[in-house]
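Chemist: make a model of this:
(2 chains, ligands or ions: 3)
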Amino acid sequence: MTKAVRDRPRGTALARRVTGHVVRGLVMIWVVATISFVIIREIPGDPVQGMYESLLQKGMSPDQAERATAVLYGFLPTGSLWDQYVGYMWSLLHFDLGRSLSTPGVAVTSLIGSAARWTVLPVLAGTLLSFLLGVIMGVYAAIKRSGKLGDLLALSGSLLHGIPVYVIGLLLTAIFTTLWPILPSGGPVDVAFVPGLNAGYIGSLIHHAVLPVVTYTLASYGGWILAMKSNVVAVLGDDFILAAELRGLKRGIVFRYLARNAILPLFTILALSIGMLFGGSIFIEEIFNYPGLGLLLVNSISTRDYALMGGTFLVITVGIVVANIVADLLYTAIDPRVRSGEAA
Amino acid sequence: MTRDSAAPEVRIRDLTVVYKTPAGELPAVSGVSLTLNPGTITGVVGESGSGKSTLALSLLNAVQPPGRIAAGSVEIDGLGDVLHLGGEDLRRTRGRKVGYVFQAAQSSLNPLKTIGKQLLDLGRSHDVDDLRALVADAKALLARMGLDGARVLDSHQHELSGGMRQRVGIMLALVLNAQVVVLDEPTTALDMITQATILRIIREVHEERALTTLVITHDVGAVAEVADDLAVMYGGRVVEHGPITEVLGTPRHPYTQGLIRAIPRLSGDISLARALPGRPPTLGTLPVAGCVFRERCDKRMEICETVEPETVTHDGRTVACHAVGRPAPVKRREYA
Ligand SMILES: Nc1ncnc2c1ncn2[C@@H]1O[C@H](COP(=O)(O)OP(=O)(O)OP(=O)(O)O)[C@@H](O)[C@H]1O
Ligand code: SF4
Ligand SMILES: [Mg+2]
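Modeler: Ligands and ions are numbered 1, 2, ... in the order given. The predicted structure is shown next:
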């Protein structure tokens, strides 16, 4: 009569999941790398060929010109397309993205490296802030959904969710730098301060980060509050919540059951949201003249700095892929069904 | 039969529960009075929608919106009128004083926590000092129901079958030694043999602990084995109530008679088994005046159209039907 409890090897299921993500991520990175190669190589008015020819015209020997071009783009301008592609991929594997044209001679990787922190930190801060705020307000909006405050919260969510991120950015700039100028209008830090661990410099960093971070936060807060509210309402209707109440569980415990079950699905959105914020960084960094990846990408496009463009694009892709994997690990850590490979 | 003085009596009086619908508030339970004798198992049968679960939830003052208890009282010895309890008092009553097995017991568990952790949550919520003893009790109950207790406590809900979850639900309702236990279709996800076993175990535990128990079921045959009393519900009313052998042996209400005729096991001969004609009423199709059963009744009379039959108790049996012989008129005081 006794049916054995279904047994599942938990470790392997997790390993399979993570492997799946890593493989998908690598494929995605490879596709983007290939696209960026094609853009650099095959765009009308082939920049590589153009560079090579202009160097020749300047009197360089074909050998020298070839080497100079190879250093800039990470692959040889001559040879078959396949050889060029292999050469490009080979340099990528060695974290060599070529050299920038617009900042001559500087390696693309070092440009990206210094820009990345201006994007990653504000994006993460904005995501976490909006996640926390949205989740808390979402629970509140769900529980008070028949009251005025609940309506108001949900309405604020819908409104913010509908406004494009650059509009939020422009509005905030207008309000806090022009109408009521209490925040700096652009740049990452006041040049008057000596970089380092001193209060003035760090204070200035934070002061300059406020507007971008608040913009990121507002841009995704609406989505969180709406998603959390609907999840909480759905879980409230689940049988096990009523059952928990009928067993006389303490309110705090019932609330934890509710919150944990409602938050869970949000972790998949978290990944997407981080990815979208990297995308959004293009607008936000341009508005606030904030020297992150988004601004780097915009500048590389306007200066036709193809190596930089491809490299930045690639790094943003890697960021999204990594965010996906991290979110999935988080999700796995808290959902036993996924952990045991049931609801994959 | 255990008629232990420790077992509480449960007195439901004039209970009316309404649900808000587009057509206004409609009663799912109408003026029900029902006494659960201390130390007995009362079975409640009735077709889907007859108000069984709504009645059961009322015992914990747990009718969910859009429903609302509109009138009546539910007195439990030692607790008073449950319908007047609220806040912490009500919470402590639920689970500790009144155990409840949810109709959808298979989905009554938190999917993210092991059964063992949920058991500890239950213990902590009711200030159980000795959590080890609680776990031991739980394992013993699960073992009685044919499960490997240690293993089940270590599992998440999705690792258990529907029948196993249902038994976990029963364990959680019994483990705190509540004196009143309400089981809403506790055996639906089980096969026939397991079902009989579980009902037998419920009976055993009930006797050991001197409980007052209410078992709701679709299956008259299954409950006949374990219950002392039987209440038959139709359209939100208890139309017949009495000792189960008598109710099943000499059913008086036309609905009870039809119900029993429809069950081969009880009517004795499959060829004689006859399904009850017509469909069970819903909140919206329930007649407002007269007898709620008249559309399907073969004994219906003129009075049945307009006057709702009174509930009359005679020889310890309660019936609500115009066609059932009235007890010999009791001499009224003014004539005495
Ligand atoms: N949330 C609700 N909203 C509106 N009507 C409801 C609601 N819950 C129950 N009802 C109605 O109340 C009546 C009684 O429902 P209840 O669940 O108590 O019946 P039941 O006898 O337990 O049925 P079943 O055997 O199907 O469990 C039904 O007509 C049902 O449609
Ligand atoms: S009251 Fe009338 S209609 Fe109702 S069950 Fe009795 S005889 Fe039938
Ligand atoms: Mg029911």
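
Chemist: so what does B:Val74 have for phi and psi?
Modeler: phi -130, psi 100 (degrees, to the nearest 10).

Chemist: what sits against the closest residue to it other than its chain neighbours?
Modeler: Once flanking residues are discounted, B:Val74 sits nearest to B:Val82: 4.6 Å by CB to CB, 6 or more residues apart in numbering or on different chains. Bear in mind the C-beta positions are built from the backbone N, C-alpha and C, glycine included. Residues counted as contacts of B:Val82 (CB atoms under 8 Å, 6 or more residues apart in numbering or on different chains) are B:Leu59, B:Leu60, B:Asn61, B:Val74, B:Glu75, B:Ile76, B:Leu90, B:Thr93, B:Val98.

Chemist: any idea how far chain A is from B:Val82?
Modeler: Look at B:Val82 and chain A: by CB to the nearest CB, to the nearest Å, they are 13 Å apart.

Chemist: next one, pLDDT for residue 139 please.
Modeler: Since you didn't name a chain, this refers to chain A. On pLDDT, A:Val139 comes in at 90.

Chemist: sorry, should have said chain B
Modeler: On the pLDDT scale, B:Lys139 gets 97.

Chemist: so how far is B:Leu160 from it?
Modeler: Per CB to CB, to the nearest Å, B:Lys139 is found 15 Å from B:Leu160.

Chemist: also A:Gly275?
Modeler: 37 Å.

Chemist: hmm, back to that, of the contacts of B:Val82, which pair is most distant in space?
Modeler: B:Glu75 and B:Leu90 (14.8 Å; CB to CB).

Chemist: which residues touch the helix or strand hosting B:Arg151?
Modeler: Per DSSP states H and E, B:Arg151 falls inside helix B:149-153. Here helix B:149-153 makes contact (CB under 8 Å, 6+ apart) with A:4-5, B:114-116, B:119, B:135, B:138-143, B:160, B:164, B:168.

Chemist: check which element follows it along the chain.
Modeler: Next along from helix B:149-153, by DSSP H and E: helix B:162-174.

Chemist: does any part of that next one sit near chain A?
Modeler: Yes. Counting by CB under 8 Å from any CB of the partner chain, contacts between helix B:162-174 and chain A involve B:Gly163, B:Met164, B:Gly169, B:Leu172, B:Ala173.

Chemist: which neighbouring elements make contact with that helix?
Modeler: strand B:98-101, helix B:115-125, helix B:131-144, strand B:180-184, helix B:192-209 (3 or more CB pairs under 8 Å, 6 or more residues apart in numbering or on different chains; DSSP states H and E).

Chemist: list the contacts for whatever residue of chain A ends up closest to ligand 2?
Modeler: Here the residue of chain A nearest ligand 2 is A:Leu246; by CB to the nearest ligand atom that distance is 33.9 Å. Residues in contact with A:Leu246 (CB under 8 Å, 6+ apart) are B:Leu60, B:Ala62, B:Arg94, B:Gly95, B:Tyr100, B:Phe102.

Chemist: tell me which parts of chain B are close to ligand 3?
Modeler: B:Lys52, B:Ser53, B:Gln103 (CB under 5 Å from the ion).

Chemist: no further questions, thank you.
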